[in-house]
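Participant: sequence first, predicted coordinates after that:
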Amino acid sequence: MDGMKTDQKQMEHYLKEGYWSHETLLDRFVQITERFPDREYVVDDRGNRCTYREMDILSSKVAAYLRDMGVETGDCVSFQVPVWSEFIVIAFGCMKAGAVMHPIAMCYEEPDLIHAMNKADTKIFFGTAWFRGKDYEARFQSVREEIRTLKHAVFLDSLGPVKGGFTTYGEILKTYPPLPPREYGRMDGLDVALILGTSGTTGNNKGVMLTHSNIIFSEEQFNRELGLDETDIMFMPAPLNHATGFHHGIIAPMLLGAKVVLQQRFKCPEAIELMNREGCTYSMGSTPFIYDILNCLEQQGGRVKTLKFYLCGGAPVPENMVKRAAAFDIRLCEVYGSTESVPHVFVRPQEAPALKKSTAGRPLKGIEVRVVDEQGRDVKPGTIGEEISRGPNVFVGYLKDREETDRVLKDDGWFFSGDLCVMDDDGCIRIVGRKKDMIVRGGENLNSNYINDAIEGCPGVADHAVIGMPDERLGERICAYVVPGEGEPPDLGQMLAYMKEKHVPKRFWPERLELIGRIPRTGSGKVKKYLLLEDLKQRG
């Protein structure tokens with residue numbers, strides 16, 4: 001695939017160590033289905049339940065349609081589908097047809113769809129006609145002619161009718177018999193299986209290419225280090241088009257023959273009820289999810305009786321949140337990674353009580369992590385530097401973007417994350433921010449994560465984010481965006497008084513405060529700072 005970059009020496013090493021192989025995700029699914037045909041695999045909050053055998057049959061029907069429409073091995077199939085069981089059916093249908101999976105975020109609008117699908121040379125598109133009252137079919141219709149390689153489109157009509165004469169998902173299931181295994185499109189474990197869009201905190205989405213071996217290695221290590229088996233049940237409220245949802249929500253349970261419970265839109269009371277009803281033993285998502293769950297448990301009482309631990313990514317986890325979770329017998333474990341280097345550092349559940357101070361933990365077996373300076377030289381423990389990683393999980397390039405690939409993925413396999421961190425003497429790392437999260441005020445680098453932590457707990461603040469606002473004299477000044485909480489929201493003076501009481505150095509004090517209804521975030525919980533900057537420009 002255009003843009004792939006793999007170091008030959010590293011590839012040979014990974015094959016020799018058994019980290020990579022020629023086995024595909026489909027091979028593993030077939031093995032698990034033969035072993036656990038009647039085990040439940042997927043449950044969603046719309047009432048759908050699906051065993052491994054049923055998933056096998058449904059996905060084979062989708063594969064039969066794709067092959068009938070001329071999809072060949074290596075072709076790309078894009079799908080913009082919510083956190084529904086159908087998403088997983090389509091994904092495995094793609095695998096059986098030999099297609100590269102290209103899930104698209106539900107928030108993508110017309111320009112995003114055109115850019116993403118043209119870059120991927122999409123042959124077939126799956127979407128939902130309606131979702132949350134929005135006409136997604138109409139949105140697709142408006143860009144259809146601009147997607148150069150597109151041959152056919154399919155729509156799910158469970159929430160509203162399909163009006164444009166497109167094939168429906170239901171028609172495929174009624175019309176097509178399952179594709180026989182001998183007709184599957186054959187791929188290799190070293191082939192690209194998946195293209196994921198980056199989280200887009202810069203507003204510039206890139207297509208991250210991941211191979212079958214990348215994904216299998218990552219999730220086998222994930223399962224092993226967490227001590228998971230086929231009896232564990234994952235609760236997944238995060239979008240499935242993100243690495244969190246796809247890797248940990250779909251693939252990790254499948255490799256074990258375990259079950260995943262999906263929630264299409266995170267709502268706290270319903271999430272607690274769903275986890276209790278299904279007996280979920282672990283979950284993973286961004287920090288706001290567990291924040292809401294803990295608030296709900298504290299305010300309304302109750303427990304999530306079977307939940308052993310919650311893996312928290314997307315942003316550093318405050319120490320007090322770890323303690324709050326422990327009061328409900330939930331071990332809160334920070335994880336760290338990116339779409340390009342899928343969560344490769346985390347706190348193991350058995351370590352969580354001891355590692356109360358914010359840390360992202362240690363690397364998975366087989367993955368190397370270093371902390372380097374601007375020249376790429378290792379820094380001493382306790383010194384801030386850029387986190388870089390190398391391992392069998394690391395992506396193989398950005399689709400059709402060799403320049404950007406070469407900028408972050410070096411010839412010897414090291415991925416430069418752009419994240420600033422500190423490593424201690426035990427090899428545990430603590431993320432302190434992004435290089436670009438530094439607010440440069442009068443030549444001084446001010447870490448926005450530190451400022452966010454300093455604002456945490458301010459009366460009248462439900463949520464917040466800080467950005468660097470352009471300033472002619474100083475380059476940047478600090479602006480705090482605040483979502484009002486209970487009572488009166490603070491004005492700037494009250495916020496500064498709060499920070500003064502906490503002995504926050506004056507150089508970290510915001511110089512402007514703006515109220516907003518919601519902090520814009522990606523599906524993985526990262527603040528879309530470019531949108532806040534646009535908002536700031538409009539406010540003047």
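Facilitator: Looks like it came in fine.
Participant: and residue 390, what does it touch?
Facilitator: Contact analysis of residue 390 by Cβ atoms under 8 Å, 6 or more residues apart in numbering lists 10, 367-368, 412-415. From N, CA and C alone the C-beta is placed, and that goes for glycine too.
Participant: do the same with residue 330
Facilitator: So residue 330 contacts 304, 307-310 (Cβ under 8 Å, 6+ apart).
Participant: try it again at 7 Å.
Facilitator: 304, 307, 309-310 (Cβ atoms under 7 Å, 6 or more residues apart in numbering).
Participant: please apply the same query to residue 56.
Facilitator: Each residue near residue 56 by Cβ under 7 Å, 6+ apart is listed here: residue 33.
Participant: got a pLDDT number for it?
Facilitator: Note on residue 56: pLDDT of 99.
Participant: for the helix or strand hosting it, buried residues please.
Facilitator: Using DSSP states H and E, residue 56 sits in helix 52-68. Using 16 or more other Cβ atoms under 10 Å as the test for burial, helix 52-68 gives 52, 54-56, 58-67.
Participant: tell me which two of these sit farthest apart.
Facilitator: 52 and 67 (22.0 Å; Cβ to Cβ).
Participant: domain assignment for this protein?
Facilitator: The record assigns the chain these domain ranges, following automatic domain parsing: 52-187, 214-434, 442-539.
Participant: select, out of those domains, the one closest to residue 45.
Facilitator: domain 214-434 (5.0 Å).
Participant: so what's the closest residue to residue 2 other than its chain neighbours up against?
Facilitator: Nearest non-adjacent residue to residue 2, counting by Cβ to Cβ, 6 or more residues apart in numbering: residue 400, 4.9 Å away. For residue 400, the contacting residues are 2-3, 119, by Cβ under 7 Å, 6+ apart.
Participant: let me see the ranges of the helices in the stretch 101-250 of the chain.
Facilitator: Using DSSP state H, counting those that start in this stretch, the helices assigned to the stretch 101-250 of the chain run over residues 110-120, 136-143, 169-175, 212-226, 243.
Participant: before we move on, the earlier item: how far off helix 110-120 does the helix or strand following the helix holding residue 56 point, in degrees?
Facilitator: Counting by DSSP H and E, the next helix or strand C-terminal to helix 52-68 is strand 76-80. Interaxial angle of strand 76-80 relative to helix 110-120 (axes from the mean of the first three to the mean of the last three Cα atoms, to 10 degrees): 160 degrees.
Participant: just to revisit the earlier point, pipe the helices of the stretch 101-250 of the chain into TSV and attach mean pLDDT, mean neighbour count and distance to residue 532 per row.
Facilitator: Output for those, formatted as TSV (pLDDT from 0 to 100; neighbours: other Cβ atoms under 10 Å; distance: least, Cβ to Cβ, whole Å):
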stretch	mean pLDDT	mean neighbour count	distance to residue 532
helix 110-120	93	19	19
helix 136-143	96	18	25
helix 169-175	98	16	37
helix 212-226	97	23	32
helix 243	93	27	24
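Participant: please name whichever of the ones you listed is nearest to residue 280.
Facilitator: Among the helices of the stretch 101-250 of the chain, helix 212-226 sits nearest to residue 280 (Cβ to Cβ), with 14.0 Å.
Participant: what packs against the closest one?
Facilitator: Here helix 212-226 touches helix 25-35, strand 192-197, helix 252-256, going by 3 or more Cβ pairs under 7 Å, 6 or more residues apart in numbering; DSSP states H and E.
Participant: and the contacts of residue 390, which is closest to residue 392?
Facilitator: residue 367 (7.5 Å).
Participant: low-confidence regions, this structure specifically.
Facilitator: 199-204, 314-315, 353-358, 443, 445 (pLDDT under 70).
Participant: and with 80 instead?
Facilitator: Filtered on pLDDT under 80, the chain yields the residue ranges 199-205, 288, 314-319, 352-359, 433-438, 440, 442-445, 472-473, 523-524.
Participant: hmm, what's the outermost residue in it?
Facilitator: Computed with Cα atoms, centre = their mean, the maximum C-alpha offset from the centroid of the chain is found at residue 473, amounting to 38.1 Å.
Participant: that one belongs to a helix?
Facilitator: No. Counting by DSSP: H, G, I helix; E, B strand; the rest coil, residue 473 falls outside a helix, being coil.
Participant: phi and psi next, for it.
Facilitator: Dihedral angles of residue 473 (phi, psi; degrees, to the nearest 10) stand at phi -90, psi -50.
Participant: most tightly packed of the helices and strands packed on helix 212-226?
Facilitator: strand 192-197 (a mean of 25; mean count of other Cβ atoms under 10 Å).
Participant: contacts for that one next, please.
Facilitator: Strand 192-197 is touched from outside by 1, 4, 25, 100-102, 105, 116, 120, 205, 207-212, 215, 241, 243, 246, 339, 396, 399, with contacts defined as Cβ under 7 Å, 6+ apart.
Participant: do that again at 6 Å, thanks
Facilitator: 1, 25, 100-102, 120, 205, 207-212, 339, 399 (Cβ atoms under 6 Å, 6 or more residues apart in numbering).
Participant: out of these, list just those in strands.
Facilitator: Among those, the members found in strands (DSSP state E) are 100-102, 207-211.
Participant: same list (the residues you listed) but as a markdown table, adding neighbour count and distance to residue 250.
Facilitator: Formatted as a markdown table, those follow (neighbours: other Cβ atoms under 10 Å; distance: Cβ to Cβ, whole Å):
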| residue | neighbour count | distance to residue 250 |
| --- | --- | --- |
| 100 | 26 | 16 |
| 101 | 23 | 10 |
| 102 | 26 | 15 |
| 207 | 24 | 19 |
| 208 | 23 | 16 |
| 209 | 26 | 18 |
| 210 | 26 | 13 |
| 211 | 25 | 16 |
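Participant: which of the residues you listed lies closest to residue 175?
Facilitator: residue 101 (22.6 Å).
Participant: run through the bridge partners of the closest one.
Facilitator: Here residue 101 sits in beta bridges with residue 77, residue 194, as judged by DSSP bridges.
Participant: isn't it up against residue 93?
Facilitator: No. Under the criterion of Cβ atoms under 6 Å, residue 101 is not in contact with residue 93, lying 9.5 Å apart.
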